[in-house]
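Undergrad: structural data only, the sequence is not supplied:
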């Protein structure tokens, strides 16, 4: 019998995913990307949580907890649930016979002080407990506790923390006006950020996630604002120059930003400090220059320009020099988004009348990879904090909803059932 670590290696370190772990020696292992299309999903069971005071009496609340944890785990795209999506009612099943590789056994206790969780991750093959956690909190923290455990499970099995506790910003028109909203990954904790009763667009997180910038037309001009997400009334203008003040890309340290201004007539890129002071003009009337995206190392920018006659993706040094055209196929390429890992840029491209998502390394001369292929317009791509997924707005007819997909083009799904249309998604840990 192999150890727990050897068993996990079946999923994470393999030459071929079809081989059994006994067929390998440690020195033969190479890292296997869990988002590779050749990797089968890990079968995991999440039965109903038990009540610590009544462990032999399953309750519907325990089922709800198991469902939420299951959804958070499968959100990452590497798990397949045992039980056809419905949590098994008993925690005492033969999990090997059920086809599970791992099982999460959860218990909870309710009191006047809040909620208590006891959660264990078990390796079915080895019969070992890989991880055990105990959490206490108030009922409002219940979802965050489940997300915290989800992220711990992902890290235990992959070596990289999960993104269950991340947040997504987007624009919705459900009130009749386009306002900025925040939500968790399952859409259970939606929050309205702006209340301008006008048009707000292009939300952008400041690194760290405590602040959010967006552009609004409520004052009669396309002004840029920043808001402290930790408070309810803390919004202030960052740039109210005549014309466009649009879509800043923040430096990795959050001290500077690059945005589009049209104060002099032509939309150009400007480097500004956190208080809105212009430090440098980066482009000068060489076509329309918009949609900047900062590289994770802080050294380069990707942006869109029509200087060649059509909108295309370019990259340049932060000084505004060494400009290189990145895309050559497609009449319109727009909305670049630099991966947190720095190895890829996602963007939307017009293909046969519809916008599709592509990725390309930040080097000229490399053929881009098409990620989406279904009908509709796939717009505003943005990366997940772990660099494994891409979120975007899918427009079909008059309806626009938020979708996510793994970077290899698999596991595309609609994220939320919110009313109205959703656009301009952005993701932060």
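TA: Okay, I see it. Note that the structure is predicted; figures quoted are calculated from it, not measured.

Undergrad: got the phi/psi numbers for the most centrally placed residue in the chain?
TA: Residue closest to the average C-alpha location in the chain (Cα atoms, centre = their mean): residue 384, at 2.6 Å. Here is the backbone geometry of residue 384 (degrees, to the nearest 10): phi -70, psi 160.

Undergrad: wait, it touches residue 427, no?
TA: Yes: Residue 384 is within contact range of residue 427, at 5.4 Å (criterion: Cβ atoms under 8 Å). (Glycine included, C-beta is placed from N, CA and C.)

Undergrad: give me the domain ranges for the chain.
TA: Per automatic domain parsing, the structural domains of the chain span 1-32, 41-158.

Undergrad: helices of this structure, start to end?
TA: In the chain, the helices defined using DSSP state H lie at 4-12, 60-74, 142-158.

Undergrad: could you export the ones you listed as a markdown table, including mean pLDDT?
TA: Putting the helices of the chain into a markdown table (pLDDT from 0 to 100) gives the following:
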| stretch | mean pLDDT |
| --- | --- |
| helix 4-12 | 38 |
| helix 60-74 | 97 |
| helix 142-158 | 97 |
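
Undergrad: and of these, who's closest to residue 405?
TA: Among the helices of the chain, the nearest to residue 405 by Cβ to Cβ is helix 60-74 (14.3 Å).

Undergrad: can you add distance to residue 305 and give the helices of the chain back as JSON lines?
TA: Shown next, in JSON lines, are the helices of the chain (distance: least, Cβ to Cβ, whole Å):
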{"stretch": "helix 4-12", "distance to residue 305": "41"}
{"stretch": "helix 60-74", "distance to residue 305": "40"}
{"stretch": "helix 142-158", "distance to residue 305": "38"}
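
Undergrad: of those helices, which is nearest residue 87?
TA: For residue 87, the closest of the helices of the chain is helix 60-74, at 3.8 Å, according to Cβ to Cβ.

Undergrad: show me what counts as buried in that closest one.
TA: Judged by neighbour count (16 or more other Cβ atoms under 10 Å), helix 60-74 contains these buried residues: 62, 63, 65, 66, 67, 68, 69, 70, 71, 72, 73, 74.

Undergrad: next, format the residues you listed as a markdown table and append distance to residue 229.
TA: A markdown table is the format used below for these (distance: Cβ to Cβ, whole Å):
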| residue | distance to residue 229 |
| --- | --- |
| 62 | 33 |
| 63 | 33 |
| 65 | 27 |
| 66 | 30 |
| 67 | 28 |
| 68 | 23 |
| 69 | 26 |
| 70 | 28 |
| 71 | 24 |
| 72 | 21 |
| 73 | 26 |
| 74 | 27 |
